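Enquirer: mind folding the following:
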Amino acid sequence: KSGELFSSSRHIGSFLKEQVFEQWPDDVKSFLTKTAVLDRFCLSLSHKVTGLENCGEIIDSLLAHNCFIIPLDQEYEWFRYHHLFSDFLKSELSAGNPSVKESVLKKAGLWYEDNGFLKEAMDAYIAGGNYPGAFTLYKKTYRHFCRAGEHALLFGWMSRMPEEVYRDNVTFRIVYAWFLLLKNQVTEAEAWADKANACYRKIKDGTETGHANQLLALICFLQANIATTRMDARKAACCYEEACGIRLRENLFLGEINSGQPGILRTCYGFLGRLNKVDEAYSGVWETVSGVIGDFSAYFPMIFIESFYERNRLDECRETMAKTFEEILALGTSGIIVPCFITLAKIRRADGDIEGAFAVVEEGRKKLPDEGKMRWNYILDLFAANLYIGAGDRPGAEAWMKSSRTGVYDTLSAAREFEHIVFSRYLMLAGRLEEAVLLLNRLNSFTKKEQRLGSRIEVLCLLAEAYLLKKDKEKAVDTLDAALELGME
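Expert: The predicted structure follows:
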């Protein structure tokens, strides 16, 4: 079979070369091989990478002869080649002069950047070996992509650039460590934090004082974030206090710290629900940290607002929310807007105003930025379903279930933890108690293994409720005792 496939591939290649490619004049051949390097091309881009003046005529001729060229829009502005023809053209280019591909990608990168195709520009620069160009563009666009939550994209670009490009760049090393933290690669992040610190010590004496202070404060915040991931509240507090004591000429830029949880307490920055550690880490700095990180300081009061709610200190919860609500909205990131409106809805629910709670959820949807809107809307859908379940409204809850693919035997993860907790509550409402107990026991094991204390307490309370519904009072009491004991941590 593999021999037949190889023979067939050779036959196709021979056909394309003899019956198609070789039938064209040299300028068209050059056009074909150079534009085949690109995933897609337009007239202007093809001018840039080929240097030919007659690109428009060539494109028209290829279309007229049905030469494996495919329009990508009704306006006939963008094109690509059939994948078999594209593979053939790339092999022709490699067999000729491989350096041509690098040249094409470098030129394409310049065109992409000039025309606002920033992702394509970065990919072209890196693929073409133009690492200085890629690094320069990276620094220009980092904040844009970070605010958009494109962490995986940024991390991928960084990983593809050789270390010599950023050898003496402290900020780059800090950012790389930060992304490793987001991927929960804590040991690797610590190693890169050490590299950043060593690089800072090496260059600080020759660096302007204001810039050196900015770098030192960034290192302090990075070390604080590593400490929070390690659940070391005392060290985190020391790092935050050191950062707050550094005189800065401008606020530090921090990216999104909540990538998909309904509350900050469910993230490492909320110490995974360890309220005592939240107090220890942030109590001394949460009102002064705005002088260091500006708008991003809104995350700190939001953590305390959630903490006040969990402790049933609703008056403090309302008071802090009233003082900081505009700051939270001004930050404008979904990772703080969703927890804010969910907490507001919880307060309404606690006051017995279920209709008001639903109204707050809908207001929260209106505040979401476009980036990642579908994902964050789903978190709000889950919370709304939770409200229906809490009110005993099975039809309302089932409306969510119709669009959900959640199951008892799903693979569990922190990203879907809230979804499975809501589903377990729905199972209890629907009288499917055996399934509810199974899922909740799985969630208990998962949250214990992942040290997600706040979530584990919630799961144990639900499990106690499920046992009570099954008339197993002994297990219900034992489970509730376990939850209460954990609540003392």
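
Enquirer: can you report how many residues lie near Lys449?
Expert: Neighbour count of Lys449, defined by other CB atoms under 10 Å: 10. C-beta here means a position set from N, CA and C on the backbone, and glycine is covered the same way.

Enquirer: phi, psi for it please.
Expert: For Lys449, the backbone dihedrals (degrees, to the nearest 10) come out as phi -60, psi -40.

Enquirer: need the strands for the protein, in chain order.
Expert: If DSSP state E is used as the criterion, the strands of the chain fall at 69-71, 79-81.

Enquirer: helices or strands up against the last one?
Expert: For strand 79-81, the elements it packs on are strand 69-71, judged by 3 or more CB pairs under 8 Å, 6 or more residues apart in numbering; DSSP states H and E.

Enquirer: what is the rounded mean pLDDT of the strand it packs on?
Expert: Looking at strand 69-71 alone, the average pLDDT works out to 90.

Enquirer: and what of stretch 219-230?
Expert: Here stretch 219-230 scores 94 as its mean pLDDT.

Enquirer: ok, and what's touching that stretch?
Expert: Among residues not part of stretch 219-230, those counted as contacts by CB atoms under 8 Å, 6 or more residues apart in numbering are 170, 174, 177-178, 181, 184, 186, 189-190, 193, 196-197, 200, 233, 235-236, 239-240, 242-243, 246, 252, 254, 268-269, 271, 281, 292-293.

Enquirer: sorry, back to before: do you know which of the strands of the chain lies nearest Thr50?
Expert: strand 79-81 (13.5 Å; CB to CB).

Enquirer: go through the closest one and flag the buried ones.
Expert: For strand 79-81, the neighbour count (16 or more other CB atoms under 10 Å) marks Phe79, Arg80, Tyr81 as buried.

Enquirer: min pLDDT across these, which one?
Expert: Lowest confidence among these: Tyr81, with 88.

Enquirer: if I look at the closest residue in space to that one that isn't next to it in sequence, how far off is Leu45?
Expert: Of all residues not flanking Tyr81 in the chain, Phe68 sits nearest, at 5.4 Å (CB to CB, 6 or more residues apart in numbering). Applying CB to CB, to the nearest Å, the value for Phe68 to Leu45 is 19 Å.

Enquirer: more crowded one of these two?
Expert: Leu45 (22 against 18).

Enquirer: wait, the more buried one sits on Leu110?
Expert: No. In this structure Leu45 lies outside contact range of Leu110 using CB atoms under 8 Å: 10.4 Å.

Enquirer: quick check, pLDDT for Leu331.
Expert: Among the per-residue scores, Leu331 shows a pLDDT of 90.

Enquirer: that one against Asp295, yeah?
Expert: Yes. Using CB under 8 Å, Leu331 makes contact with Asp295 at a distance of 4.8 Å.

Enquirer: what about Leu110, how many residues nearby?
Expert: 17.

Enquirer: now do the contacts for it.
Expert: Contacts of Leu110 by CB under 8 Å, 6+ apart are Lys48, Ala121, Gly133.

Enquirer: from Leu380, how far off is it?
Expert: From Leu110 across to Leu380, the span is 42 Å (CB to CB).

Enquirer: one more: Glu362?
Expert: Distance, Glu362 to Leu380, using CB to CB: 9 Å.

Enquirer: turn the strands of the chain into JSON lines, columns for distance to Ile305.
Expert: Formatted as JSON lines, the strands of the chain follow (distance: least, CB to CB, whole Å):
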{"stretch": "strand 69-71", "distance to Ile305": "53"}
{"stretch": "strand 79-81", "distance to Ile305": "50"}
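
Enquirer: how about those strands, which one is nearest Asp60?
Expert: So among those, strand 69-71 is nearest, using CB to CB, at 10.2 Å.

Enquirer: and the closest one, what does it pack onto?
Expert: The contact analysis (3+ CB pairs under 8 Å, 6+ apart) places strand 69-71 against helix 55-64, strand 79-81.

Enquirer: and the longest helix for the chain?
Expert: Ranked by number of residues, the top helix in the chain under DSSP state H is helix 209-229.

Enquirer: what separates it from the chain centre, distance-wise?
Expert: Centre-to-centre, helix 209-229 and its host chain are 21 Å apart (CA atoms, centre = their mean, to the nearest Å).

Enquirer: just stretch 334-343 next, same as before
Expert: 16 Å.

Enquirer: neighbouring contacts of that stretch?
Expert: For stretch 334-343, the external contacting residues (CB under 8 Å, 6+ apart) are 149, 256-264, 298-299, 302, 305-306, 309, 317, 321, 325, 328-329, 360-361, 363-364, 367-369, 371-373, 376, 379-380, 383.
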